[in-house]
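# The sequence isn't on hand, but the structure is:
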Ligand SMILES: [Cu+2]
């Protein structure tokens, strides 16, 4: 698309010409307009991003001195647990899928709206109560077992806080499944005539791959959390070894969702970068099909690597080997994307505006995250750095340098489209 | 904006902005059938996850069921399973009725299906109240209650859907299109209850 056309689309009214127009009050209603819902998601999740950032600031303040002098130990554990939960379940996942996905997918495929507009609105309105509920856990004794909530640790902690954490994540997961159903049906059934899958914008390919992961992974997390809730509240022993249970089963179920969750958080951003780079490099995308199919490949491989988080959980050697090899293979489709992006901007007439700078920042930060991911995929290395700051750094390169930079690129790129300014 | 392979002349955005009107949601073609099938995939994954957990507990335990677990009576769950599985064949009889727009026939078959589902749920509750172990007795008991309980919820959900369609049919003046899709919707729920019926059967036998 040329610059002139881009300007032209930017000048169009941002919202559907509803009778009476869209005023600010619409954003506080059960609106079924996908663009209103997209903005609702983005604004709400950005608020939780600031909350998550405040929690991280408190964590770093506490860590400024060796003594526990800023907050108590229990509150400290709550701070990092809620920080991670907020950033993952209330910022990145809903922002990239519900926010950008809702706003862009119907526009990009030429649909009037999502397939199920009321389901869409319902999925959004589950998020604010779940978020407020999670933050309220600080008043009753915060969940302190980390965002993974591994038993038996999570069972020995403050029960009320942990129960609230489980409930909140279950609600957010339900919302995410609803959104995934909506995206899959919309993308398969509502493309404008003539738009075959292979002519679909790359962001839609990414959203398709993402929704498949959310659809297949989130229910298993829900299953794990329900069993955990029974252990916590009713006193069953699913994950309690003293009653014959097995905590490792929780880890398998948890990571069956939570590894794909990393791709839920990064694949839509890959899609956005694939849309943004060609515009500001003023060149067509390099390797459209390679980028499109690599999203699907990542989605498939992402489902069979979960136990790389469990190399130190007594996993048998053959299983470690299986998961190590699968994990390393993911570097191939991911590398295909990175090289295609580089080939796209190679020799282009770059416009170094904010969107483009964030997109290029995304590529460099994400490559560090990706390569450190290959390092920790290797069993001999991982058993030494497991649960250390190496992993913390790896995940933050992927999620902050990756997902969040990509989201800023998307915000700057589509801000004119969203606001009409 | 796309920067991809799409010819700007026929770009989607132009299409959208000429046609765009958020006021016509109800004119969408009906996607509920595909929606419910995609949703059933997610529901299947919950059952798959819980089943995998159960199979792992079973595989890891030295004896299964653990020492001292009372024998499970198989007659009632067996009969119940047969009723539930047959119900998914019964509901298929409503299809010709829908095609010939025969409201009475549809109501008859849906009512029979709903009754069979209700009998299953009552039977399951009866079994729950007469078992010699409780939710927290041991790992076997907990797994038993949680898995069958989830399946019961799933049957209850299907039952509510069937009753909703029945009540819907009671209103006169409904256009024929949504009904056809409602039937497909119910057929897919029927099929899914059949498959989970099998898993329930295998669960009660284990
Ligand atoms: Cu992982």
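Now that the structure is in, tell me what you want to look at. Source: prediction; values computed, not measured.
# secondary structure element for residue B:51?
Element membership for residue B:51 (DSSP states H and E) is helix B:32-60.
# Okay, buried residues for stretch A:322-339 please.
Neighbour-count burial for stretch A:322-339, counted by 16 or more other Cβ atoms under 10 Å in any protein chain shown, picks out A:322, A:323, A:324, A:326, A:327, A:330, A:331, A:333, A:334, A:336, A:337, A:338. For glycine as for every other residue, the C-beta is placed from the backbone atoms N, C-alpha and C.
# now the closest residue to chain B within chain A, what's its secondary structure?
When scored by Cβ to the nearest Cβ, chain A has residue A:278 as its residue closest to chain B, at 2.8 Å. Following DSSP: H, G, I helix; E, B strand; the rest coil, residue A:278 is assigned to helix.
# if I read this right, it contacts residue A:344, doesn't it?
Yes - look at residue A:278 against residue A:344 with Cβ atoms under 8 Å: they come within range, at 5.8 Å.
# Could you name every residue contacting both of those two?
Counting by Cβ atoms under 8 Å, 6 or more residues apart in numbering or on different chains, the contacts common to residue A:278 and residue A:344 are A:284, A:285.
# Comparing those two, which residue is more hemmed in?
Using other Cβ atoms under 10 Å in any protein chain shown, the more surrounded residue of residue A:278 and residue A:344 is residue A:278, with 24 against 21.
# If you average pLDDT per helix and strand, which one of the chain comes out bottom?
Answering for chain A, as no chain was given. Lowest on mean pLDDT, DSSP states H and E among the helices and strands of chain A sits helix A:3-11, with a mean of 44.
# try again with chain B
Lowest mean among helices/strands of chain B [mean pLDDT, DSSP H and E]: helix B:12-19, a mean of 40.
# And the helices in chain B, which stretches?
Using DSSP state H, the helices found in chain B span residues B:12-19, B:32-60, B:75-90, B:94-99, B:103-130, B:139-170, B:176-205.
# Report the contact partners of residue A:156.
Residues in contact with residue A:156 (Cβ under 8 Å, 6+ apart): none are found.
# for the stretch 301-421 of chain A, what spans make up the helices?
A:317-329, A:331-345, A:354-377, A:379-385, A:389-396, A:405-419 (DSSP state H, counting those that start in this stretch).
# Can you report how many residues neighbour residue B:65?
Neighbour number of residue B:65 under other Cβ under 10 Å is 19.
# hmm, back to that, would you mind finding the most buried of the helices of the stretch 301-421 of chain A?
Highest mean neighbour count among the helices of the stretch 301-421 of chain A (mean count of other Cβ atoms under 10 Å in any protein chain shown): helix A:405-419, with a mean of 21.
# How about residues contacting that helix?
Against helix A:405-419 from outside (Cβ under 8 Å, 6+ apart): A:9-10, A:14, A:35, A:38-39, A:42, A:92, A:95-96, A:100, A:103-104, A:266, A:269-270, A:272-273, A:275-276, A:279-280, A:353-356, A:358-359, A:361-362, A:365-366, A:421, B:1.
# Let's verify residue A:179: helix, strand, or coil?
Strictly by three-state DSSP, residue A:179 counts as helix.
# dump the residue contacts of it.
A:97, A:98, A:101, A:102, A:120, A:123, A:211, A:214.
# residues contacting the second one?
Residue A:98 sits next to A:37, A:38, A:41, A:45, A:123, A:124, A:127, A:175, A:179 when contact means Cβ under 8 Å, 6+ apart.
# which one of these has the most neighbours?
Going by other Cβ under 10 Å, residue A:179 tops these with 32 neighbours.
# With the flanking residues excluded, which residue is spatially nearest to it?
residue A:123 (4.8 Å; Cβ to Cβ, 6 or more residues apart in numbering or on different chains).
# Could you pull up the contacting residues of that neighbour?
Residues near residue A:123 by Cβ under 8 Å, 6+ apart: A:98, A:175, A:176, A:178, A:179, A:182.
# Distance check, it against residue B:36.
16 Å (Cβ to Cβ, to the nearest Å).
# Residue B:148 contacts residue B:121, correct?
No - using Cβ under 8 Å, residue B:148 makes no contact with residue B:121, being 11.1 Å away.
# Need the residues that contact stretch A:282-292.
Contacts of stretch A:282-292 (Cβ under 8 Å, 6+ apart): A:3, A:198, A:200, A:202, A:205, A:270, A:274, A:277-278, A:336-337, A:340-341, A:343-351, B:3-5.
# could you redo the last one with a cut-off of 7 Å?
Outside stretch A:282-292, the residues that touch it by Cβ atoms under 7 Å, 6 or more residues apart in numbering or on different chains are A:198, A:202, A:205, A:274, A:278, A:336-337, A:340, A:343-344, A:348-349, B:3-5.
# okay but residue B:112 is in contact with residue B:90, surely?
Yes - with contact defined as Cβ atoms under 7 Å, residue B:112 counts as touching residue B:90 (5.5 Å).
# Show me which residues of the stretch 151-300 of chain A are close to chain B?
For the stretch 151-300 of chain A, the contact set with chain B under Cβ under 7 Å from any Cβ of the partner chain comprises A:177, A:181, A:184-185, A:189, A:192, A:199, A:201-202, A:215-216, A:219-220, A:222-224, A:227, A:230, A:234-238, A:243-246, A:249, A:253, A:275, A:278-279, A:284-285, A:288.
# Now with 6 Å, please.
With the criterion set to Cβ under 6 Å from any Cβ of the partner chain, the stretch 151-300 of chain A comes near chain B through A:177, A:181, A:184-185, A:189, A:192, A:199, A:201-202, A:215-216, A:219-220, A:222-223, A:235-237, A:244-246, A:249, A:253, A:275, A:278-279, A:285, A:288.
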